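> sequence and predicted model, in that order:
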There are 2 protein chains.
Amino acid sequence: MPTAIQPTRAEDFPAWYQAVVREADLAEMAHAPGCMVIKPWGYGIWEQLRDRMDERIRATGHENAYFPLFVPLSYIQKEAAHVEGFAKEMAVVTHHRLEARDGVLVPAGELEEPIVVRPTSETIIGESMRQWIESYRDLPLLLNQWANVVRWEMRPRVFLRTREFLWQEGHTAHATADEAVDETLLMLEEYRRFVVDNLAMPVIVGEKPASERFPGAERTYSIEAMMQDGKALQAGTSHFLGQNFSKAADIAFTDEHGDVVHAWTTSWGVSTRLIGGVIMIHGDDDGLRVPPVVAPTQIVVVPYTKGADADEELLAYARRVADALAAGARFRGEPVRVKVDDRLYRPVDKKWQWVKRGVPLLLEVGGREAEAGTVTVRRRSDPAERSTLTIEELVAGVGDLLEALHDAYLTEASELLAANTRSDVVDWAGFEAAFAERDGVSPFVRAPWCEGATCEEQLKPLAVTIRNLPLDQPESVGACVLCGAPGTAEAVFARSY
Amino acid sequence: MPTAIQPTRAEDFPAWYQAVVREADLAEMAHAPGCMVIKPWGYGIWEQLRDRMDERIRATGHENAYFPLFVPLSYIQKEAAHVEGFAKEMAVVTHHRLEARDGVLVPAGELEEPIVVRPTSETIIGESMRQWIESYRDLPLLLNQWANVVRWEMRPRVFLRTREFLWQEGHTAHATADEAVDETLLMLEEYRRFVVDNLAMPVIVGEKPASERFPGAERTYSIEAMMQDGKALQAGTSHFLGQNFSKAADIAFTDEHGDVVHAWTTSWGVSTRLIGGVIMIHGDDDGLRVPPVVAPTQIVVVPYTKGADADEELLAYARRVADALAAGARFRGEPVRVKVDDRLYRPVDKKWQWVKRGVPLLLEVGGREAEAGTVTVRRRSDPAERSTLTIEELVAGVGDLLEALHDAYLTEASELLAANTRSDVVDWAGFEAAFAERDGVSPFVRAPWCEGATCEEQLKPLAVTIRNLPLDQPESVGACVLCGAPGTAEAVFARSY
């Protein structure tokens, strides 16, 4: 049977990914070099995801604020490791107007000090923290912002690595190191729960090795998901920054004893990259499959008109179905998001557009359904199967149908992760062999590591990295899978995006 | 009696404005030159405003999307009037990394083509429209984006004129000029209703004179509000762009007869500037007064503890009050936003902070209230007055209290506008005299105009501009107040921000 997406995942996974992004109307790489246009369907997923994450960020006591897009050079320079980490990929603004010379527009009005477009906001938010914090009473300071950031990637890839992307960045300051570590781990756990409950995305939660830390952090934690090609996607990070940034920016407070102390800070973020993860974890050869919780439209009603003509009677029935669902159906306690597709295109073309977009439930209504007061239901998890329900049955049962879809996607993704995680690799020969099987799915190898930087080097030719050291560690650890020295922790090794 | 804000409005309105922005914890001008940090209280107002506007934008059939921050020079250059209008205030990115030279970071990696940070997105969205529109079936295309934009203002002023600001920009394409004009006027009316219903801000709705049109537009409409110093604030604009941008970007479609036609486009926006308007229209000498609909917290409960110490019993009572309100009270059909201020500061200090921030209702609870099961209510419209209510009375009546506050603010603002709008000015001598009274409030003068560009010139020495030509025009118009020629429309003349 022909698939809606060419090539298929098995034929060429990267090309399949690009095709899904295009065919599902999610986004396109833009005119502005290396940036993306997020189309309404893709942006709708982002809005669902954003609003749900925002709710959790507020529920854990954080307040939203907004900080400038531009960072003066003098600020970004304050933390040495930080500037070192970002200097190679920053957009630099040097002029503040354009002038026509010989009919060509050229930059004019050179700035006294160049400014960079924020790649992340630790340094600029640190300046505000310094001014806002005086005493222990002002702590903890729990901030978050939703914003665009720019990192000048040399090999941009839509959603995964674009020069501009959207994200939330949490920034907090605390009176003690312990509190800051607790915050770092709290938000990490929020991220884990968030992607499992909303994106049906199982993840491995752990600490990054030193080589993969955020520039300027003491510790970086991540959640890592497995894509269908077996590669890892870092889906969210949470950083304990120690006093590195507070000392650089002089974020100090008077404690209960009257002593002046530097605060301990954290930062944490998730981005539009998550949409790339949703595509690669749940997509199939007919396109995207959106987890129901974040689907901008969860249920679409397509009137099966003759050809592309309008049929007012049928349209009226389609609207009756949609109105009944909007008024009466609930999914996780919220009204469902339902829409009638009344565009003047052929029903079969509309149907395939929605299949490719991955709408969870598609309702077909034709003359027969209108007469019988029923609908034909297609679930995106199983597009070949159909069932017929009365409107009443549908209204009562649609929440369960959506929940079942979520569960099915989560189960599939969990099975993928389990099936391709290997815990049986004990030495370098086995390790090389595990990653040499290039035809199938690249594995996650979970194995002991000595935490030495030297043996990590030998991963490079395999294009493998240490994704993280999972939080759930065994009581004792065997010999390092890379060098045979005594292991100090289990690590997850994988290829990655 | 001393006021919480120094100086008062009467003493120095611009300095009062800056003081309110600072004392109400709304925002501050930032490290990054000419940009602002929007603090949680100010950003919370923006979020309320944004979510309510977003709801109306969706309800009128528009979809959100996201377009790149960066615009290639070649795009912005396509529409001649457009580039002319914005060239003098654009941030230009010329390099994509930083390099240390002699210990100093300098821009490196020069771009082949400089890019500008979007001052507005007609040109970049036009590129997408060109690709997305093929036939009349794809029209109307109704898009909106929430984004940051940058205009390099030489005299930045917090909220009113900052180099970076936040806004929504709607961009639509239509099959006929009439439809595009209807859309332009529809969104103008949405803006009017929005600011009246949510911000208690009466406005004058009309068309801008040619000299004040958006660069590239055929017609620009605006809503104009009067601040307490009598100056006008342009609070929102809606533009009919004709075929100017569609021809520049080649946005064409095949119509029902098979002919290829250029689309007609519109754009419209409101921004964080509205917060500046809220301050200047509703603030008093004790600080901000936030209209209840957009207050991030509508009701704050302050436990009247002794000094700054915690009093667990009193705190428990304060929480009981807040919980009862959150669970049982409604304002305009939504739960109220209520908060207990449990910080370890003196109650009187907390109270004054909330007065300055303009929280609509302040509930004081002390030992007496806890014993009697009551609260002492202070309305921000009348902070000297107090009333005592039982919790049950409060829960039942708080929606009405908030609605009454909204009404009071709207009435005050409407009276200000009416009292300072002059319709009795008939000639240039009277006009000069009206604007010469520099002590009081500067007026809005509503008078006939000939729509000639020449006589508009004579307004410059008075620092007066034509704000708009109101939509509600009389049947016949007298002689032009500026030059005595036959008038063609009534205009509103005013000083402005």
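Thanks, I have it. Computed from a predicted model, the values in this text were never measured in an experiment. Numbers count the residues shown, from 1 in each chain, chains lettered A, B, ... in the order given.
> how about the strand with the most length in chain A and chain B, touching?
Scanning chain A for the strand with the most residues, using DSSP state E, yields strand A:104-117. Yes. Judged by Cβ under 8 Å from any Cβ of the partner chain, strand A:104-117 and chain B are in contact via A:105-107, A:109, A:114-117. Every residue, glycine included, has its C-beta placed from N, CA and C.
> ok, the residue of the stretch 301-450 of chain A found nearest chain B - contacts?
Distances between the stretch 301-450 of chain A and chain B by Cβ to the nearest Cβ are smallest at residue A:344, namely 5.2 Å. Taking Cβ atoms under 8 Å, 6 or more residues apart in numbering or on different chains, we find residue A:344 in contact with A:308-310, B:137.
> at 7 Å instead, please
Going by Cβ atoms under 7 Å, 6 or more residues apart in numbering or on different chains, residue A:344 touches A:308, A:310, B:137.
> any idea how far it is from residue A:213?
Distance, residue A:344 to residue A:213, using Cβ to Cβ, to the nearest Å: 55 Å.
> run a quick neighbour tally on residue A:213.
As a burial measure, residue A:213 scores 19 neighbours (other Cβ atoms under 10 Å in any protein chain shown).
> returning to that earlier point: switch the contacts of residue A:344 over to JSON lines; also include pLDDT, distance to residue B:466 and neighbour count.
Below are these laid out as JSON lines (pLDDT from 0 to 100; distance: Cβ to Cβ, whole Å; neighbours: other Cβ atoms under 10 Å in any protein chain shown):
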{"residue": "A:308", "pLDDT": "73", "distance to residue B:466": "49", "neighbour count": "13"}
{"residue": "A:310", "pLDDT": "78", "distance to residue B:466": "46", "neighbour count": "11"}
{"residue": "B:137", "pLDDT": "92", "distance to residue B:466": "41", "neighbour count": "14"}
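> is it possible to export the residues you listed to JSON lines including secondary structure and distance to residue A:175?
JSON lines is the format used below for the contacts of residue A:344 (DSSP: H, G, I helix; E, B strand; the rest coil; distance: Cβ to Cβ, whole Å):
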{"residue": "A:308", "secondary structure": "coil", "distance to residue A:175": "66"}
{"residue": "A:310", "secondary structure": "coil", "distance to residue A:175": "65"}
{"residue": "B:137", "secondary structure": "helix", "distance to residue A:175": "61"}
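> show me where the stretch 201-350 of chain A has its helices.
Counting by DSSP state H, counting those that start in this stretch, the stretch 201-350 of chain A has helices at residues A:244-249, A:273-282, A:312-328, A:347-357.
> just the angle for the last one relative to helix A:312-328, thanks.
Relative orientation of helix A:347-357 versus helix A:312-328 (axes from the mean of the first three to the mean of the last three Cα atoms, to 10 degrees): 30 degrees.
> what mean pLDDT does helix A:347-357 have?
The pLDDT scores in helix A:347-357 average 96.
> so does it get close to chain B?
No. Helix A:347-357 is not in contact with chain B by Cβ under 7 Å from any Cβ of the partner chain; minimum separation 11.1 Å.
> that helix - contacts with which helices or strands?
Of the remaining helices and strands, those touching helix A:347-357 by 3 or more Cβ pairs under 7 Å, 6 or more residues apart in numbering or on different chains; DSSP states H and E are strand A:299-303.
> run the last query once more with 10 Å
Applying 3 or more Cβ pairs under 10 Å, 6 or more residues apart in numbering or on different chains; DSSP states H and E, we find helix A:347-357 packed against helix A:13-23, helix A:40-59, strand A:299-303, strand A:361-365, strand A:374-379.
> repeat that for the longest one.
Helix A:312-328 makes packing contacts with strand A:299-303, strand A:334-335, strand A:338-340, strand A:361-365, helix A:367-372, strand A:374-379, helix A:391-419 when contacts are defined by 3+ Cβ pairs under 10 Å, 6+ apart.
> centre of the chain to that helix, how far?
Centroid displacement of helix A:312-328 relative to its chain, using Cα atoms, centre = their mean, to the nearest Å, is 34 Å.
> got the buried residues for it?
Buried residues in helix A:312-328, defined by neighbour count with 16 or more other Cβ atoms under 10 Å in any protein chain shown: A:314-315, A:317-318, A:320-322, A:324-325.
> go on, stretch A:9-22?
A:9, A:13, A:16-17, A:19-22.
> ok, of those residues, which one's closest to chain B?
Distance to chain B, by Cβ to the nearest Cβ, is smallest for residue A:22 among those, at 11.5 Å.
> near chain B, which residues of the stretch 201-350 of chain A are found?
Proximity of the stretch 201-350 of chain A to chain B (Cβ under 10 Å from any Cβ of the partner chain) is limited to residues A:272, A:296, A:308, A:343-345.
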